[in-house]
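In: I'll drop the sequence and a predicted model, then ask my questions.
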Amino acid sequence: MASIKLKGDTSGELTIQAPAVAGTNTLDLPASSGTLLTTTGDGSQLTGLPNSYAGTKNRIINGNMRIDQRNAGASVTPANGGYTLDRWQTYINPLGKYTVQQDAGAVTPPVGFTNYLGATSTSSYSITSGDYFSITHNIEGYNIADLAWGTADAKTVTISFWVRSSLTGTFGGALRNSVANRSYPFSYTISVANTWEQKTITIPGDTTGTWVTDNGKGVALLFGLGVGSTRSGTAGSWAAANYISSTGATSVVGTSGATLYITGVQLEVGDTATDFENLQYGQQLAMCQRYFEIMGSSGSTSNGYAVCAVISSTLTRGNLWFKTEKRATPTITVAGTWYSLPQSITASASFFPSNTYNTGIGQTWSGLTVGQASYLYDGGSGTSRVLISAEL
């Protein structure tokens with residue numbers, strides 16, 4: 001008898017025994033992808049494992065919109081290029097035409113989901129040729145390197161998502177490379193207003209163009225909220241252009257108060273959409289923190305962040321370690337008031353990041369004794385923040 005052993009993280013091993021018949025034997029596994037498990041007669045080779053056995057299949061991070069470190073569910077009017085929910089960016093021209101909020105409108109998400117990203121139009125704006133409004137997810141190059149785009153071996157991908165709008169009609173989006181000279185506009189139809197509908201779009205891999213495969217921006221997935229003719233193209237084919245949406249797509253910003261809600265966004269290899277890949281919350285948060293991390297008190301209790309050394313009568317130095325190693329050396333901004341012991345005085349903290357795993361801290365004050373230690377804390381004001389960004 002030949003044996004096949006499948007190992008799981010928590011379920012142990014599943015052993016399947018089969019007669020050692022010469023040649024190749026195929027076993028149909030009950031997996032959502034419908035992929036077949038193939039083994040040789042002597043059990044020496046095992047191929048064709050479904051995506052769920054092969055690790056993280058979804059190239060989208062926070063596709064179920066659970067993580068919102070920056071705004072904690074508050075409504076924001078985004079800036080061009082700004083981030084709203086974690087990993088979800090906005091491209092806007094002109095500004096101020098819509099808001100974004102986690103769970104906007106308190107609508108019940110589709111079954112299996114607890115959160116969604118909601119965009120709401122703030123006016124009735126008439127799109128001109130150069131205008132564009134989108135919700136965008138940038139995928140790191142390392143996470144799409146296996147797609148082999150830009151070569152003859154380029155792999156097909158399938159995008160699936162749940163969407164709900166107060167409008168009906170044809171909506172649009174696109175995939176685009178980092179230098180914005182290769183894009184694939186796509187369209188989808190919302191048939192019933194204010195009703196969740198699941199959409200699936202299969203896109204052949206691009207055999208030409210430049211596609212980043214390191215820690216830079218590999219692929220951008222864009223959902224249009226209203227895009228002028230300059231950034232709109234014919235749906236269903238790759239183009240040597242910077243397209244954000246498909247020609248003729250519905251403009252959400254064209255109707256005051258119009259909404260578009262989205263969740264369950266998945267991009268995976270192959271021509272078939274499979275069930276959404278639900279990761280544990282801690283996994284998903286850590287994946288988001290590779291690109292953005294926020295430190296600071298959310299209540300009235302003081303929180304400590306670093307122990308620093310006094311190196312002169314007016315200066316301390318120390319290090320703050322990130323919760324997750326960053327994609328690249330981050331940019332750090334500071335908000336609110338910070339304090340230091342032993343003298344319990346307000347101390348302006350400066351940060352000097354030079355690598356992907358920690359940052360130097362400097363504080364300037366007076367009356368210090370060299371060789372003492374100081375303690376950086378936020379004072380429990382609820383407004384003190386350290387924003388650490390290594391976004392694409």
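Out: The structure has been received and is ready for your questions.
In: what separation do you get for Ile244 and Thr90?
Out: Taking CB to CB, to the nearest Å as the criterion, Ile244 is separated from Thr90 by 12 Å. Quick note: C-beta positions are derived from backbone N, CA and C, even for glycine.
In: swap in Tyr357?
Out: 29 Å.
In: between those two, which one's more packed in?
Out: Neighbours were tallied for Tyr357 and for Thr90 using other CB atoms under 10 Å; the higher tally belongs to Thr90 (22 against 12).
In: go ahead and confirm that one touches Thr77.
Out: No - in this structure, Thr90 sits apart from Thr77 without contact. The criterion is CB atoms under 8 Å, and the distance is 9.7 Å.
In: one step back: okay, and the common contacts of Ile244 and Thr90?
Out: By the contact definition CB atoms under 8 Å, 6 or more residues apart in numbering, Ile244 and Thr90 are jointly contacted by Ser134.
In: now Lys97: closest residue in space that isn't a chain neighbour?
Out: Using CB to CB, 6 or more residues apart in numbering and skipping residues adjacent in sequence, the residue nearest Lys97 is Val253, 4.5 Å away.
In: make sure the one you found is indeed in a helix.
Out: Yes - when the secondary structure is assigned by DSSP: H, G, I helix; E, B strand; the rest coil, Val253 falls within a helix.
In: ok, now which ones touch it?
Out: Going by CB under 8 Å, 6+ apart, the list of residues near Val253 reads 97-98, 121, 123, 125, 127, 133, 225-226.
In: among those residues, which are in strands?
Out: 98, 121, 133, 225-226 (DSSP state E).
In: need those in a markdown table (columns: neighbour count and pLDDT).
Out: Listed next are the ones in strands among the contacts of Val253 as a markdown table, based on neighbours: other CB atoms under 10 Å; pLDDT from 0 to 100:
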| residue | neighbour count | pLDDT |
| --- | --- | --- |
| Tyr98 | 25 | 98 |
| Ser121 | 24 | 98 |
| Phe133 | 31 | 98 |
| Leu225 | 33 | 98 |
| Gly226 | 27 | 98 |
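In: starting at the chain centroid, how far to stretch 68-87?
Out: Relative to the chain's own centre, stretch 68-87 is displaced by 12 Å; criterion: CA atoms, centre = their mean, to the nearest Å.
In: how about the contacts made by Ala258?
Out: Taking CB under 8 Å, 6+ apart, one finds 120-121, 165-167, 252 in contact with Ala258.
In: what is the nearest of those to Thr324?
Out: Of all these, the one with the least separation from Thr324 (CB to CB) is Thr120, at 31.6 Å.
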